[in-house]
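[1] based on what follows, work out the 3D shape:
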Amino acid sequence: MKIASWNVNSINARLDHVKHWLDQNGPDLLLIQELKGLDFPSDLFKEIGYQSNAVTQKAYNGVAILSKEPQKVILDKLPGDDRDEQARYLEIDYSNIRVINIYLPNGNPVSNDSEKFPYKLAWMDRLRQHLTKLREENVPFLIGGDFNVIPEEKDCHNPKAWEGDALFRIETHQKWRNLVNLGLTDAFRVFHHDAGHYTFWDYQAGAWPQNKGIRIDHFLLSPSLSDRLIACTIDKEPRVRTKLPITLPFFWNCRMIKFASFLAALLLITACAGGTPTDYLKMRGITPPTPSHFDHCYDYGCKTHVSVSLPDATQKKLKAVFSPPSSSAKEEQKRIMRAIQIFEIDIGDLTGTKNDFHGTFRLYQDDNPKNNSFQQDCIDESTNTTTYLILLKNMEYLKFYTPAFPANRQPFFGGGKWWHQTATIQDDQTKQRYAVDSWFEDNGQPPYIVPLEEWKQGWKPKRN
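    Take a look at the predicted model:
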């Protein structure tokens, strides 16, 4: 599923550009901010295959959501203040996912005689209260749009220049963290941890060509959706093509785009609100595995792929593990652990990864013995384990479980202290999901199988 968000800074002024972008990219949903007018061209979008709902306001603000399939409006204003008449919020149900589009208040100027900054902070408090309710009710949701928040110093080219600005004040950062600490995932930061990625550039002083920008457009995902996140990039093509002052789009099989009169690119996020483990492998550039041909990856983040086939000796070992067939789900878990152990030993001999250490990641210093290209971080481990699980299922060894899309957990969520990813399986009867985590042990040791919700709260093995 592709979802996009775009601050168009007047839908009437940017209509042709939006239609062109939809034609070229075909997202399932497009979230639009800053419509700037009471009239919204629903009929024109319907002609090109998009249904729409909009919340409008004369001359200012305004949000809309376009979708290929039917959508149901849940809320057309943020709860918590009946006096607030600004058109900044739209919440819909789309394929049993709650999709929320926001245009969060800017907050400037920050001064004693202005209510704009207090209004921004109060709006963020109301947003957190509403999202807390959705979390308590286990409603899967994503919230995207123009947040007017620079989360960290690395999200702006020159932090000092933004000191005291409503987008970067400590009070704004506190409110942002209050949102993230609900267990939400900043989609872009799952895949891009470094500085230099922006969604807004001033039109003056060569900000665009020198990439002197800020990141203020975001997608936050509830835990059940973050499990299915497959990619997140920035698409600058609309800025290059139109030569207009626009922002970028975010792609998360979710796209996020933004136009503004003083912006200079288009933000595009892509995310996946559903998918199979095979979809995940395809995202990693790996074809569906068969015993005669499958890819094994390593070198941190699946940088290196090696094509291998399953040796006859390994197939005989696996057959022995699952003979006779498992009589219970609990027994099958133990057999899965043994099978993954066999895969790691035998495939490790073929690919050079047999000496992979537990708990490795790409930040080791050059003189650390763990810093070599045959090591595997949690991306490598979870990808290879997913491949092994698919092979076991296709070889008809799994009677109680089915491989599922890999899951990840974020810093600040539960007990998690770092971003981490794991392969998963799902109980065919109860539909409960389990983490199958190989990262915590050296190559050739059995993985841990843990209820996924426990794993997401920061689970790790107890060491003596």
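
[2] same for the host helix or strand of residue 305, what does it pack against?
    Taking DSSP states H and E as the definition, residue 305 sits inside strand 304-308. Applying 3 or more C-beta pairs under 8 Å, 6 or more residues apart in numbering; DSSP states H and E, we find strand 304-308 packed against strand 294-298, helix 329-351. Any C-beta I mention is one placed from the backbone N, CA and C, and that applies to glycine too.

[3] in the stretch 301-450 of the chain, where is pLDDT below threshold?
    Scanning the stretch 301-450 of the chain for pLDDT under 70 picks out 359-374, 410-418.

[4] mind checking the SS state of residue 102?
    Classification of residue 102 by DSSP: H, G, I helix; E, B strand; the rest coil places it in strand.

[5] quick one, phi psi at the closest residue to it other than its chain neighbours?
    Sequence neighbours aside, residue 145 is the residue nearest to residue 102 in space, at 4.2 Å (criterion: C-beta to C-beta, 6 or more residues apart in numbering). Here is the backbone geometry of residue 145 (degrees, to the nearest 10): phi 140, psi -160.

[6] okay, the residue nearest the centre of the chain and residue 3: tell me how far apart.
    Central residue of the chain (C-alpha atoms, centre = their mean): residue 187, 3.4 Å from the mean position. Distance, residue 187 to residue 3, by C-beta to C-beta, to the nearest Å: 10 Å.

[7] the residue nearest to residue 102 and residue 120, how far apart?
    Taking C-beta to C-beta, one finds residue 145 at 14 Å from residue 120.

[8] likewise residue 101?
    Separation of residue 101 from residue 120 (C-beta to C-beta) stands at 18 Å.

[9] avg pLDDT for stretch 167-177?
    Stretch 167-177 shows an average pLDDT of 96 in the prediction.

[10] with just CA atoms, put it into CSV.
    Coordinates of each C-alpha in stretch 167-177 appear next as CSV, following Å, rounded to 0.1, in the frame of the first residue of the first chain:
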residue,chain,number,x,y,z
LEU,A,167,9.4,24.4,15.3
PHE,A,168,12.5,23.8,17.4
ARG,A,169,11.8,24.9,21.0
ILE,A,170,12.3,22.6,23.9
GLU,A,171,8.6,22.7,24.6
THR,A,172,7.9,21.5,21.1
HIS,A,173,10.4,18.7,21.4
GLN,A,174,8.8,17.6,24.7
LYS,A,175,5.4,17.4,23.0
TRP,A,176,6.9,15.4,20.1
ARG,A,177,8.5,12.9,22.4
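
[11] give me the buried positions along that stretch.
    In terms of neighbour count (16 or more other C-beta atoms under 10 Å), stretch 167-177 has its buried residues at 167, 168, 169, 172, 175, 176.

[12] just the closest of those to residue 156, please.
    Closest approach between the buried residues of stretch 167-177 and residue 156, by C-beta to C-beta: residue 168, at 7.0 Å.

[13] give me the phi and psi angles of that closest one.
    phi -130, psi 10.

[14] list the contacts for it?
    When the contact criterion is C-beta atoms under 8 Å, 6 or more residues apart in numbering, the partners of residue 168 are 150, 156, 159, 162.

[15] tell me which element the first one falls in.
    Element membership of residue 150, judged by DSSP H and E, is empty: it is in no helix or strand.

[16] so the closest residue to residue 134 other than its chain neighbours bridges to which residues?
    Nearest in space to residue 134, with sequence neighbours left out and distances taken as C-beta to C-beta, 6+ apart, is residue 141 at 5.4 Å. Under DSSP bridges, the beta-bridge partners of residue 141 are residue 98.

[17] residue 141 against residue 223, yeah?
    No. Counting by C-beta atoms under 8 Å, residue 141 stays clear of residue 223, with 10.3 Å between them.

[18] ok, residue 11 - contacts?
    Contacts of residue 11 (C-beta under 8 Å, 6+ apart): 18, 32, 35, 36, 37, 40, 41, 62, 64.

[19] what's the answer for residue 388, then?
    339, 340, 343.

[20] the first one: neighbour count?
    The tally of other residues near residue 339 (other C-beta atoms under 10 Å) stands at 25.

[21] in contact with it, which residues?
    Residue 339 neighbours (C-beta under 8 Å, 6+ apart): 318, 321, 322, 388, 392, 397.

[22] ok, now with 10 Å
    By C-beta atoms under 10 Å, 6 or more residues apart in numbering, the contact set of residue 339 is 314, 317-318, 321-322, 332, 388-389, 391-392, 395, 397-398, 446-447.

[23] for whichever strand or helix holds residue 421, what is the distance to the chain centroid?
    Element membership for residue 421 (DSSP H and E) is strand 420-427. Put simply, strand 420-427 sits 16 Å off its chain's centre (C-alpha atoms, centre = their mean, to the nearest Å).

[24] stretch 30-43: end-to-end distance?
    End-to-end distance for stretch 30-43, by C-alpha to C-alpha, to the nearest Å: 16 Å.

[25] repeat for stretch 62-81
    Using C-alpha to C-alpha, the two ends of stretch 62-81 sit 18 Å apart.

[26] residues of it that come out buried?
    Neighbour count says stretch 62-81 has 62, 63, 64, 65, 66, 67, 68, 71, 77, 78 buried, by 16+ other C-beta under 10 Å.

[27] now the third one. Its backbone dihedrals?
    Comment: the main-chain dihedrals of residue 64 come out as phi -150, psi 160, following degrees, to the nearest 10.

[28] show the pLDDT at it.
    97.

[29] what's the answer for residue 456, then?
    Confidence score, pLDDT, at residue 456: 87.

[30] what about it, neighbour count?
    26.

[31] separation between it and residue 128?
    In terms of C-beta to C-beta, residue 456 sits 20 Å off from residue 128.

[32] what do you get for residue 62?
    Separation of residue 62 from residue 128 (C-beta to C-beta): 23 Å.

[33] helix, strand, or coil at the residue sitting furthest away from the middle of the chain?
    Computed with C-alpha atoms, centre = their mean, the maximum C-alpha offset from the centroid of the chain is found at residue 324, amounting to 40.8 Å. What three-state DSSP gives for residue 324 is coil.

[34] before we move on, back to that, what do residue 141 and residue 223 both touch?
    By C-beta under 10 Å, 6+ apart, the residues touching both residue 141 and residue 223 are 135, 184.

[35] hmm, residue 297 is touching residue 303, no?
    Yes. Under the criterion of C-beta atoms under 10 Å, residue 297 makes contact with residue 303 at 7.6 Å.

[36] higher neighbour count, those two?
    residue 297 (24 against 13).

[37] residues touching that one, list them.
    281, 284-286, 303-306, 351, 353, 376, 379-381, 383-384, 387.

[38] again with residue 222
    By C-beta under 10 Å, 6+ apart, the contact set of residue 222 is 97-98, 131, 134-135, 138-143, 182-185.

[39] which of those residues are buried?
    The neighbour-count test (16+ other C-beta under 10 Å) applied to those identifies 97-98, 131, 134, 139-143, 182-185 as buried.

[40] stretch 59-74: end-to-end distance?
    End-to-end for stretch 59-74, by C-alpha to C-alpha: 25 Å.

[41] right, I mislabeled it, should have said stretch 287-304
    First-to-last distance for stretch 287-304 - C-alpha to C-alpha - comes to 14 Å.
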